[in-house]
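[1] below is the structure, and that's it, no one-letter string:
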Ligand SMILES: C[S@@+](CC[C@H](N)C(=O)[O-])C[C@H]1O[C@@H](n2cnc3c(N)ncnc32)[C@H](O)[C@@H]1O
Ligand code: SF4
């Protein structure tokens, strides 16, 4: 039985210049056909699927109107067995929040919202090309609370061009003051095929590794001092508020993914749906396969992924999984340590997680 469901909604109010998720702005002519297509995909994949976690990501799922979200979620509930759902997350952009939408989503069973704030600083929000101001993001957060959303994550980005230590500290403090249940703090990455990557390639923007490592340490210090536990390198939660959906990915559990660009891992195979909304709809309408990539998940691959993901979490890895010589040398370098008979990254190791994982594979 597959216990996790991801649904990709590829629409955004405006495309941000640093983001490489599959999405498109505008062209709402396709929306109805897109929603119908997701429901066709759901009917075909419903056998053997009984999700405990559902995650609507994107893009920006709340770029859909309230009636469209109602149509989609009600339609999914008719086709897929939602009786075991414990966590139902939807991603929101602060510009797409309203009290009516929040109330309707709660009625439809959503119980967790993940909102992209990135920064509270107005000038950095402009640098990021965000469609909202800090003030608007704060108002949206308060609307979600007023509507009664019980579990809220706020996404932050650090390492923004021109960002000062002071600006990052202010953003961390302000976020903590609002008391969300969960905070994701990502270091800006220059993804290929983005405007930011082009600027980076032309030398207009450059990552400052020393500064960014300092920002990462500031996040760990401020958030751990205020009751958040860093249960994964970029994710901090109040007790009991860890994201079960992401934990399932990191544990290597199977999941179904609907919509353009969504991955599915089930029955020993992994595939990705074509990352093109018009082509996705056409394939559904013509009953053609949706994937443009498929592979067998080999045991060696599963092991490598399990180590790389688990090492990033506070649960760490089973010491038996790795070569004892390499573990010993990483431990003597101060990168990993043993805790409750598991191997976990030290604070120093968390700054170099990818390199440590590569060493263990
Ligand atoms: C799908 S978006 C979240 C919801 C909504 N689309 C929004 O932006 O408000 C997922 C998150 O990924 C993060 N993200 C996207 N591109 C990134 C990049 N290049 N580097 C670091 N974080 C990034 C942002 O924090 C963003 O909130
Ligand atoms: S960060 Fe969010 S709003 Fe911006 S383009 Fe990416 S998915 Fe869309």
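    Now that the structure is in, tell me what you want to look at. Just so you know, these numbers come straight off a predicted model, no measurement behind them. Ligands and ions are numbered 1, 2, ... in the order given.
[2] on the three-state scheme, residue 36 is what?
    helix (DSSP: H, G, I helix; E, B strand; the rest coil).
[3] contacts for stretch 113-122 next, please.
    Outside stretch 113-122, the residues that touch it by C-beta atoms under 8 Å, 6 or more residues apart in numbering are 89-94, 97, 102, 105, 124-125, 128, 130, 133-134, 137-138, 140-141, 144, 149, 151-157, 160, 163, 167, 170-171, 174-175, 182, 184. In short, each C-beta sits where N, CA and C put it, glycine included.
[4] no no, stretch 158-173
    With C-beta under 8 Å, 6+ apart, stretch 158-173 has contacts from 118-121, 123-124, 127-128, 156, 185-188, 205, 207-208, 211-212, 214-216, 218-219, 222-223.
[5] now intersect the residues you listed with the strands, please.
    118, 156, 185-187 (DSSP state E).
[6] near ligand 1, from those?
    Restricting these to those near ligand 1 by C-beta under 6 Å from any ligand atom leaves 118, 186.
[7] let's see the PyMOL selection covering just the buried ones among the ones in strands among the contacts of stretch 158-173.
    This is how PyMOL selects the buried members of the ones in strands among the contacts of stretch 158-173, with burial counted by 16 or more other C-beta atoms under 10 Å:
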select buried, resi 118+156+185+187
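[8] sitting in strands, which of the contacts of stretch 113-122 do you find?
    Those of the contacts of stretch 113-122 lying in strands (DSSP E): 89-92, 152-157, 182, 184.
[9] now the residues you listed as JSON lines including pLDDT?
    Shown next, in JSON lines, are the ones in strands among the contacts of stretch 113-122 (pLDDT from 0 to 100):
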{"residue": "89", "pLDDT": "99"}
{"residue": "90", "pLDDT": "98"}
{"residue": "91", "pLDDT": "98"}
{"residue": "92", "pLDDT": "98"}
{"residue": "152", "pLDDT": "98"}
{"residue": "153", "pLDDT": "99"}
{"residue": "154", "pLDDT": "98"}
{"residue": "155", "pLDDT": "98"}
{"residue": "156", "pLDDT": "98"}
{"residue": "157", "pLDDT": "98"}
{"residue": "182", "pLDDT": "99"}
{"residue": "184", "pLDDT": "98"}
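[10] now for the closest residue to residue 53 other than its chain neighbours, how many residues are close by?
    Spatially, and ignoring its direct neighbours in sequence, residue 53 is nearest to residue 245 (3.9 Å; C-beta to C-beta, 6 or more residues apart in numbering). Here the number of neighbours of residue 245 (other C-beta atoms under 10 Å) works out to 25.
[11] distance of residue 245 relative to residue 131?
    26 Å (C-beta to C-beta, to the nearest Å).
[12] for residue 75, same thing?
    Applying C-beta to C-beta, the value for residue 75 to residue 131 is 28 Å.
[13] same check, this time on residue 241
    27 Å.
[14] what residue of the protein is the furthest out?
    residue 325 (34.3 Å; C-alpha atoms, centre = their mean).
[15] got the confidence number for that one?
    For residue 325, the model assigns a pLDDT of 92.
[16] what helix or strand does it sit in?
    helix 324-332 (DSSP states H and E).
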